Structure formats: structure tokens, C-alpha cells
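> Predicted model follows, preceded by the sequence.
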Amino acid sequence: MKRVVAVLLATLVGSVAAVAQQPCLVVGMIIGGTKDDAGYNQSQYEALMALKDKMPCVKILFAENVPEGDAEAVLENMIAQGAKLLFPAGFGYMFPALNLAKRYPDVVFMHPGGYMLAANFGTYFSNVQFAYYVLGVAAGLMTKTNKIGFIGGLPVAFVLGNCNAFHLGARAVNPNVETVFVVTGTWLDRAKEVAATQALLQQGCDVIGSHLDSPIAVAQTVEAAGAFFVGYPSLAVQKFAPNAWVSGLGLTWGDFFVDIAQQVLNKTWKSAHIRKGLEAGFITLGEFGPRVPEEVKAKVLEYAELLKAGKIEPFAGPIYDQAGNLKIAAGEAWGALDMGKFDWLVQGITGSPK
């Protein structure tokens, strides 16, 4: 009898332990590159790790280097493992994730930068264009040649918006600035990024910004040339340009991921387009580099605080395109959800928006 009781007690203790070890929520993420790219993919992975740190009861499922064509299968495998919250963390994953959202209505999907919604499918992103205006202020104050450069992966709306913000911010403090815009034709190609950076430097651009998956090659090339570099989308890229570094923007979503996970657990989550900026910690202005004068630091921080407080509108009219056409009228201002409208570049920028 004692043996039977002992076995029953052991079974009960084991069952209780198993229940105690059950995760409060299973969260999955896929990214298109590597988690240590000092760029976009690293920013997503770091947010996921921040969620794990702040909510240890969460179980994490993660896959990197996932091609768009494999996204649906990888996400569905995560659902089979119990995932109830998924971050398909690449723009090209939107439609595969939407397909799954229809089949699994009890799973919440959060997609970065998407433009579609469903009952269990929402989107999020940082107001990067507004924050990039602040980096433009830094560039306008740091340039010695009055020429700055911007490298985009593809000429899509959000890349054009970042370049426009960079130029407008620079012009706000230095009306003589010209901006040269080039694209590489892909989100990640180190050789093309080096060539594009060298071309800008040869044209006299002495401050370089970019919108690429990973700006490591740009940072290293600018560092070697002794010019200036502003980083985006991860502050981890600073180590690749320690002397060229002016400042940068890092996508910082850890607290937001925790909030979303809590909403899913509490069953209070609702589908929405969520766009927030420096004021909400969705994006962070980095530290300044060793060659940045104190008066430049002060002016950049002043603009950052004005932006946070809503006291400046980066895209307030009148704003004209390269051909001199009025695109944003006086008295009008584009907001966060207007950024997808950009298919043009601001007057004073050299390069094609196509």
C-alpha cells in the first residue's frame, strides 16, 4: 500500500511540475536575414529577446533567413507547436501571414509596416521618417561640403520618405545643403553598397545615411574614407564606424512586444495600424560620436525634443518635388499614415525616385 501511495504522490508531483512549466504564451517570429546584421533583422530579434527577458513565462519560437516563399510553412509549423502570437517580421511576409490568419482565427499576427488588417492581423512600425528628420539636422550641421548622401535598397515609399526627411531636416538648419540619392536595387548586397557609398563620396558627399537591411558595408566604407555616417535601423552598427559616427536611429520595440503579449493573454488585443515614434520609445536616438561638437549635439537634441512634443511637423507644406511641383500645400502636413504616398523626392535632392 505504501508503494502505491508513493507512486501516486510521485505522479501527482510530476503532473503539477509539468503544469507549472507550461508557458503562459508561445510567441513565434521569422526574419529574412540574420539576427546579428546590425540592422533591421537584429532590431526585430532584440525586441523578441526583450520580451523573453521581461516575461520569462513566454516560450519563444524563432527562425532566421526565411525566404518569402517558405514563410507560410514555417509559420504554420510554429502554430502547430502552440504559437498564439506571431511576428512575421518582414514586409514580404504580409500575404503569407494573412493567408494563415484566415485559417487560424485564434492566432494573433503582428506584421511590421504592412498596410492590410484582419480580425486577428495587425501592423506596427516606428515613425522613422519623422525621426530621420532629426538625423538630417545632424547632417546639415556636420557637413563641410554642403552635400550629403542617402542610399536606399529600393525606391519604395518608405525609403523615399526617409531620404526626404533627411534632406528636409538638413535644410532646416542649413539651406545650402544638397542631397544625392542612390539605390542599390536590393535590400542586401555588400558589393553594391560599397560601390554606392564610394560614388557618393566621390561626388563630395561627406555625410551618408541609408535605408538598407544591414548598413555594415556603408558604415565601414565611410569610416575608411574619414567622412561622417548616420546609422539606421539598429544602433549596433555604430561599432563598424566608431570615428565616422555622428548618431543614429535604432528600432526599439521590446516594451511594445511585452504590451502586445499581455493583450493577447488578457484577450484585450484588437487589430489596428500602430505607428509611434521617439515619444513612445518605438525608435531611439543614439549617442553622439567623438567628432560631433557640443553645439551640434545640443541643436540635434533640441529638435528631437520638439519633435517628441509635437511642436514641429517635418512634412508641413509648402513642400515641392524635384520638378518644382507643389506636393504638400501650405497649411497642410502629412502624418504617419501618409508615408506610403511618397513616390517623389523633395526639391534639392539629386537622383531618381523610380
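Arrived safely, thanks for sending.
> Make sure residue 290 is indeed in a helix.
No: membership of residue 290 in a helix is not supported by DSSP: H, G, I helix; E, B strand; the rest coil, which gives coil.
> what about the nearest residue to it once chain neighbours are set aside, neighbour count?
Nearest non-adjacent residue to residue 290, counting by Cβ to Cβ, 6 or more residues apart in numbering: residue 243, 6.6 Å away. Bear in mind the C-beta positions are built from the backbone N, C-alpha and C, glycine included. The burial metric for residue 243, expressed as a neighbour count using other Cβ atoms under 10 Å, is 14.
> sec struct for residue 243, please.
Classification of residue 243 by three-state DSSP places it in coil.
> Next: residue 220.
Secondary structure of residue 220, reduced to three states by three-state DSSP: helix.
> How much space separates it from residue 315?
Note on residue 220: its distance to residue 315, by Cβ to Cβ, to the nearest Å, is 32 Å.
> what does residue 78 give?
Taking Cβ to Cβ as the measure, residue 78 and residue 315 are separated by 38 Å.
> ok so, going back, of residue 220 and residue 315, who's got more company?
When neighbours are counted by other Cβ under 10 Å, residue 315 comes out ahead of the other of residue 220 and residue 315, with 23 against 19.
> which residues does that one contact?
With Cβ atoms under 8 Å, 6 or more residues apart in numbering as the criterion, the residues that contact residue 315 are 129, 164-165, 168, 328, 333-335, 338.
> Give me the pLDDT for residue 337.
With respect to pLDDT, residue 337 has a value of 85.
> pretty sure it contacts residue 275?
Yes: with contact defined as Cβ atoms under 8 Å, residue 337 counts as touching residue 275 (6.6 Å).
> related to what we said a few turns ago, by neighbour count, which of the contacts of residue 315 wins?
Most surrounded of the contacts of residue 315: other Cβ under 10 Å gives residue 164, at 31 neighbours.
> what about residue 190, how many neighbours?
Going by other Cβ under 10 Å, the residues that sit close to residue 190 add up to 14.
> Not counting its neighbours along the chain, what's nearest it?
Closest to residue 190 by Cβ to Cβ, 6+ apart is residue 217, at 4.3 Å.
> Next, work out how far apart that neighbour and residue 206 are.
Computed as Cβ to Cβ, the residue 217 to residue 206 distance reads 18 Å.
> Likewise for residue 214?
Separation of residue 214 from residue 206 (Cβ to Cβ) stands at 23 Å.
> Compare those two (neighbour count), which wins?
Each of residue 214 and residue 206 has its neighbours counted (other Cβ under 10 Å); residue 214 has more, 27 against 21.
> Need the pLDDT of that one.
The predicted structure scores residue 214 at 96 on the pLDDT scale.
> quick one, domains of the chain?
Residue ranges for the structural domains of the chain, counted by automatic domain parsing, are given in the record as 2-126+253-280, 128-251+282-350.
> Deepest in the core, which of those is it.
A comparison of the domains of the chain by mean neighbour count, using mean count of other Cβ atoms under 10 Å, puts domain 128-251+282-350 on top with a mean of 20.
> which residues of this protein fall in helices?
For the chain, the helices defined by DSSP state H occupy 2-20, 40-54, 71-80, 94-103, 128-142, 157-173, 190-202, 216-225, 254-266, 294-308.
> now the third one: mean pLDDT?
Helix 71-80 carries an average pLDDT of 98.
> Same question for the fourth one.
The average pLDDT within helix 94-103 is 98.
> re earlier: who are the contact partners of the residue nearest to residue 290?
Residues 223, 226, 289-291 are the ones in contact with residue 243 under the rule Cβ under 8 Å, 6+ apart.
> and if you look at residue 139?
Taking Cβ under 8 Å, 6+ apart as the definition of contact, the neighbours of residue 139 are 148, 166, 169-170, 177, 207, 209, 228, 230, 246.
> got it, and residue 220?
240-241.
> picking that back up, out of the helices of the chain, which is closest to residue 285?
Counting by Cβ to Cβ, residue 285 lies closest to helix 294-308 out of the helices of the chain; the figure is 5.5 Å.
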